[in-house]
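**Q** Any chance you can model this:
(chains A, B, C and D)
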Number of protein chains: 4
Amino acid sequence: MINVGLLGAGRIGNVHAKSIAANADSRLVAVSDVHTAAAETLAAAYGAQARTSLDILNDPSIDAVLIATSTDTHAGLIEAAAAAGKAVLCEKPVDLSLERALACQAAVAETGKPVMIGFNRRFDPNFAAVKRALDAGEIGRGELLSITSFDPGPPPVSYIRVSGGLFRDMAIHDFDMACWMFGAAPVEVSATGTSIVDPAIGEAGDVDTAVITLRFADGRIAVIQNSRRAVYGYDQRLELLGSTGLLQAGNVLESTVHKITTAGAMSAKPEYFFLERYMKAYEAEWRAFIDAVKAGTGYPVTLQDGVNALAVAEAATLSCKTGRAVRLQDGRPVVA
Amino acid sequence: MINVGLLGAGRIGNVHAKSIAANADSRLVAVSDVHTAAAETLAAAYGAQARTSLDILNDPSIDAVLIATSTDTHAGLIEAAAAAGKAVLCEKPVDLSLERALACQAAVAETGKPVMIGFNRRFDPNFAAVKRALDAGEIGRGELLSITSFDPGPPPVSYIRVSGGLFRDMAIHDFDMACWMFGAAPVEVSATGTSIVDPAIGEAGDVDTAVITLRFADGRIAVIQNSRRAVYGYDQRLELLGSTGLLQAGNVLESTVHKITTAGAMSAKPEYFFLERYMKAYEAEWRAFIDAVKAGTGYPVTLQDGVNALAVAEAATLSCKTGRAVRLQDGRPVVA
Amino acid sequence: MINVGLLGAGRIGNVHAKSIAANADSRLVAVSDVHTAAAETLAAAYGAQARTSLDILNDPSIDAVLIATSTDTHAGLIEAAAAAGKAVLCEKPVDLSLERALACQAAVAETGKPVMIGFNRRFDPNFAAVKRALDAGEIGRGELLSITSFDPGPPPVSYIRVSGGLFRDMAIHDFDMACWMFGAAPVEVSATGTSIVDPAIGEAGDVDTAVITLRFADGRIAVIQNSRRAVYGYDQRLELLGSTGLLQAGNVLESTVHKITTAGAMSAKPEYFFLERYMKAYEAEWRAFIDAVKAGTGYPVTLQDGVNALAVAEAATLSCKTGRAVRLQDGRPVVA
Amino acid sequence: MINVGLLGAGRIGNVHAKSIAANADSRLVAVSDVHTAAAETLAAAYGAQARTSLDILNDPSIDAVLIATSTDTHAGLIEAAAAAGKAVLCEKPVDLSLERALACQAAVAETGKPVMIGFNRRFDPNFAAVKRALDAGEIGRGELLSITSFDPGPPPVSYIRVSGGLFRDMAIHDFDMACWMFGAAPVEVSATGTSIVDPAIGEAGDVDTAVITLRFADGRIAVIQNSRRAVYGYDQRLELLGSTGLLQAGNVLESTVHKITTAGAMSAKPEYFFLERYMKAYEAEWRAFIDAVKAGTGYPVTLQDGVNALAVAEAATLSCKTGRAVRLQDGRPVVA
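**A** Numbers count the residues shown, from 1 in each chain, chains lettered A, B, ... in the order given. Next up is the predicted model:
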């Protein structure tokens, strides 16, 4: 049985608490949060204790920590947890700054402890099935990957301002998806963005609609479409053209019901947002983490993956501003 | 918190135990089974006790029982549990004999306690959405209901022999579905059956492929297609033609992945069997039962519903043998 | 070049005229109709002559006739055309009376000339693809065939009265489809019908909604659902469960457009009625007829096929009235 | 009746000849081709005469010409035909050189005659339905357009060398589609390309896989994915995210047949290539041209549209080479 400390009792912390409790090999023993009341409520629901993060990291009976705090604390907590010898699963992103993330990576390297980053979409059964089919050669070599990733609606502009921007905040999942699918980081990034959904987002210095094209060393291409607003729900699809076929992963719909009237044929919308769509993915992610901890094997998503995705995000941000393709050299963006 | 005793620790008992434990308002406190070891294992997994059924029924601290034992014990346990004042959810069917089910109904009526029968498919989110849309008038009046219900493969002939036959064992779910959708019991039943999947099933006196047509008093018609073998999985669909449209509930597929090659476009198969397909339905069924117990309202599926479905099954069995439509008069089958 | 005389210049005659003209091996040279003006208009559009049917049949320069007149004249014209040595394609049904159709068959047999009956749906590319896949063994042995066949709206009651009833007028296509798919005529027919769409149809002695079950000698079953009203269009589907899989032929939709809004995901309706849905089938039917005439081979649909479908229609009519399964012995219905 | 001269009797000339003959308001009277035999064969099939292009243009009895010759002759023939006062429909592209196309446009302007360019995909019923829905406000303002356009296989490298490159030869259809959907030409073009399908294409100076992003003045974005090889057929889809919904136009499939076995659920592939997929579009295009000629109204696709698409193609070619976004100023590409 692996004893788990959960750092962060917000919305995503609550999601993870459920997965921790549902897994036969892990037990939630402690919860921390800057809002003590939140930690206490969540802890009580699962028979755990509310404690401080420091206290949790210093407790030798706690084997693993799940970091679900605010982004600006991720890198520091990763470093501290690794130094404390814990098994670590940290929510994405590692940090909003590539430099900080690289420093974190260096610090963690000294501890010799691996760290897993929570790119939960890799564990979505549909995307995972595409990856398996690709790796099994079912469409030959993958050549052109297209990811569609739309949120149901934009967050408040106050959030936008501290989010690091669409590329670091939202597209980062898609960057990781592309790197994972292709088993490599891209060598060049081009981005086009606009704030057509809400001009206030543009005034805050961000975009709300964007297309990012990634070129890989061997000529493969990935293109990502992002929008902060698809009013019908969380639109999460991908497709991959290969030398001998095409693979597509579609949306998960609210039901299989189909209604045909004189108005046409109506089917269900996609699941509304990430909690609905990716609930199974969160459970599978936790299972994968615990299985790796038990087996002592490497994690399926590494700190390097977190750094790679962030480097692409930084390159995309730069390309969107300059109108130039941005190369990634030694993991750092360079304007072409 | 409602304390629950589970009678029966077989495959379906295990499914229910999980739902009982997952529900915040119910707690599994006792499990019984003719195989004591099965009861003990299941009880241990949920911190409950293995006891005898009698012991459970006599324990005033147990509020509700879930009957998941073999079919021949259902009626007796329903009577005993109702007499003991328990809230009762019993797996379908009430019995293989309509007469025995009617006697059970009469005995239960004397206790004044309601009993819920486990027609779990009513709680499938897709069928439930069809029912809601129908009741909301989205396709006008429902006129022609078509249910497709195929198992992935036939059970052993040894099971077939004691099953009561395809109409009582398998189609009974569909009979309840038709009665529920149309809010009435049919007045006439016609059935055609064959043992084309496996002649040994025919030699055992049963059919493995059948079509049953139900006529309702006001002229509505339901048609049910059953087969014991759809090699690709559990095929569970329905569609309903109404005066202003059509409603369909499709299969739940294993994934949303689509692959197109020179061979064609390949998508996922239906979920394999009832545990995969109806897991959500079992959870929702239990939630509905517990909510009704807490609220003190009537159950969403009644003992009368169980008796009705059994009467249709008996009529279908008779029609299949005689080649005649069988009328249901006062709830009993009469050859036309 | 095959010279063709077209008997009948109504709606379906116009459809055929187009196919005759479009086929490189056939030429429309003459048109007849009881309404002389209709014949003249149609003839003019294709550079043909308006003549009487008798005149056409007696003209040795005319190789083939297409009979698209009213049903009550079919049998007589088939006999006369066969006697005149013409290649004959006649619209379904042969007649509304099985006895008359049998007499026609006997008369034609004496001429030694084959006759093709216009069961156009066999030439629908989708149903034809199902048939090919079945015959190629792609789902093993076909065991349970389900045909859904709904019209967009009922015809006037005045038409219903002279139509021969739903089973002879509408379901006859589906009876032929079942016989064709299974390569055999059924041995038993059970039908349930109702006039729920329009009570006036019931008062006229007909039904508007029906389910017909056909049993074949070796245990295979076909079930047909008919309704005179599917407000959303012409619903024409079939599916076939086999020992190693399922085949389905879906509707042809008005477009491939999909719209997703907060209201759900909307796709196109089925093509509205038979002219839209089966236009390709009519062309392919004519091509098949001309190809057979040129090659001197047998027709893909025979007079026997027309008689078989009519016998099933008569059996269904009888079963619907008596509530009993009706056997077909030596091609004639016998109440079980 | 509009008398038509067809210049070019190749594959696409044959397609158009059929549409001309099928249209009740147009008649094919003359055909020219550099290969005299090809012109003669095609002319004979439709009762027309084989003549020289010059002869056709000089014949006052010919009202309209359809230019389906090789690309390098388009601009000259457009100019000559307009000067001769003919109604003109010319296959795309106007020319491979933007400068030449602009000169053609200037020359035509002096004649005061409009010219229609054959962007046939605008007449595809599915894309046309999307355009109508967009213009009707069904998804609010269109914000992010995504076009997927894959050929089934690459042409010979010898063709690639004279094709003008993927952007002028293949993507030009998609550039027109984007301009048409959004009712405007873009202000900025970014392209990424690779020759991953066949290195020989790269050696010939072209790409075979590309992503092009178009930015419009008001912030709308279109992204186009192209590949010379989708082994499963001609993949032609688009989708458009708007402020209140999403519109998608899917592929036209070879049939509606669906087969489910233990291997999964198999449906039909897309129609193989442009002749199959766009046959209806070619017919509708011709109908639109003839209707406009008869009505004396403007054409639905103008020479300006042809020039706009070519300007985008030139910008994309430049962007792909320089790694920079290319702006379109006064209709000419300028590296940012």
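
**Q** OK, contacts around A:Leu57?
**A** Residues in contact with A:Leu57, defined by Cβ atoms under 8 Å, 6 or more residues apart in numbering or on different chains, are A:Gly5, A:Val65, A:Ala80, A:Ala81, A:Ala84, A:Lys86. C-beta coordinates here come from the backbone N, C-alpha and C atoms, glycine included.

**Q** near chain D, which residues of the stretch 1-150 of chain A show up?
**A** By Cβ under 8 Å from any Cβ of the partner chain, the residues of the stretch 1-150 of chain A that approach chain D are A:Arg141, A:Glu143, A:Leu144, A:Ser146, A:Thr148, A:Phe150.

**Q** Of these, just the buried ones, ChimeraX syntax please.
**A** This is the ChimeraX syntax for the buried subset of the residues of the stretch 1-150 of chain A next to chain D, where burial follows 16 or more other Cβ atoms under 10 Å in any protein chain shown:
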select /A:143,144,146,148,150
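
**Q** And the residues of the stretch 1-150 of chain A next to chain D, which is closest to A:Arg277?
**A** A:Phe150 (11.7 Å; Cβ to Cβ).

**Q** tally of neighbours for A:Val187?
**A** For A:Val187, the neighbour count with other Cβ atoms under 10 Å in any protein chain shown is 15.

**Q** now A:Val162
**A** Every residue meeting other Cβ under 10 Å relative to A:Val162 is counted, giving 12.

**Q** What of A:Gln304?
**A** A:Gln304 has 16 neighbouring residues, counting by other Cβ under 10 Å.

**Q** Equivalent analysis for A:Arg161, please.
**A** A count of nearby residues for A:Arg161, using other Cβ under 10 Å, gives 13.

**Q** I'd like to know if the strand or helix carrying A:Val15 reaches chain B anywhere along the stretch.
**A** Using DSSP states H and E, the element containing A:Val15 is helix A:11-22. No - Helix A:11-22 lies apart from chain B when judged by Cβ under 8 Å from any Cβ; the minimum separation is 8.8 Å.

**Q** Check for me that A:Gly306 belongs to a helix.
**A** Yes - counting by DSSP: H, G, I helix; E, B strand; the rest coil, A:Gly306 is part of a helix.

**Q** which phi and psi does the residue nearest the centre of chain A have?
**A** Central residue of chain A (Cα atoms, centre = their mean): A:Phe119, 3.4 Å from the mean position. Note on A:Phe119: its backbone torsions stand at phi -80, psi 80 [degrees, to the nearest 10].

**Q** repeat for the one 3 residues further on
**A** In this entry, A:Arg122 is assigned phi and psi values of phi -60, psi -20 (degrees, to the nearest 10).

**Q** That one: neighbour count?
**A** Around A:Arg122 there are 21 residues (other Cβ under 10 Å).

**Q** which residues of chain A fall in helices?
**A** All helices of chain A, identified by DSSP state H, fall at A:11-22, A:36-45, A:53-58, A:74-83, A:98-111, A:125-135, A:157-162, A:166-169, A:172-182, A:199-203, A:274-277, A:279-295, A:303-322.

**Q** just checking, A:Met177 touches A:Ala128?
**A** No - look at A:Met177 against A:Ala128 with Cβ atoms under 8 Å: they stay out of range, at 11.1 Å.

**Q** what do these two both touch?
**A** A:Arg122.

**Q** Looking at these two, which one has more neighbours?
**A** Just comparing A:Met177 and A:Ala128: by other Cβ under 10 Å the higher neighbour count belongs to A:Met177, 26 against 18.

**Q** give me every residue that touches the more buried one.
**A** Here A:Met177 is in contact with A:Phe119, A:Arg121, A:Arg122, A:Phe127, A:Ile147, A:Leu238 (Cβ under 8 Å, 6+ apart).

**Q** Test my guess that the fifth one contacts A:Ala222.
**A** Yes - assessed by Cβ under 8 Å, A:Ile147 is found in contact with A:Ala222 at 6.9 Å.

**Q** any residues in contact with both of those two?
**A** With Cβ under 8 Å, 6+ apart as the test, A:Ile147 and A:Ala222 both reach A:Ala178.

**Q** okay, now A:Thr71: neighbour count?
**A** Residues near A:Thr71, counting by other Cβ under 10 Å: 17.

**Q** My guess is it contacts A:Ser97. True?
**A** No - between A:Thr71 and A:Ser97 there is no contact under Cβ under 8 Å: 10.3 Å.

**Q** any shared contact partners between the two?
**A** With Cβ under 8 Å, 6+ apart as the test, A:Thr71 and A:Ser97 reach no residue in common.

**Q** Roughly how far does A:Pro154 sit from A:Gly5?
**A** With distances taken as Cβ to Cβ, to the nearest Å, A:Pro154 is found 34 Å from A:Gly5.
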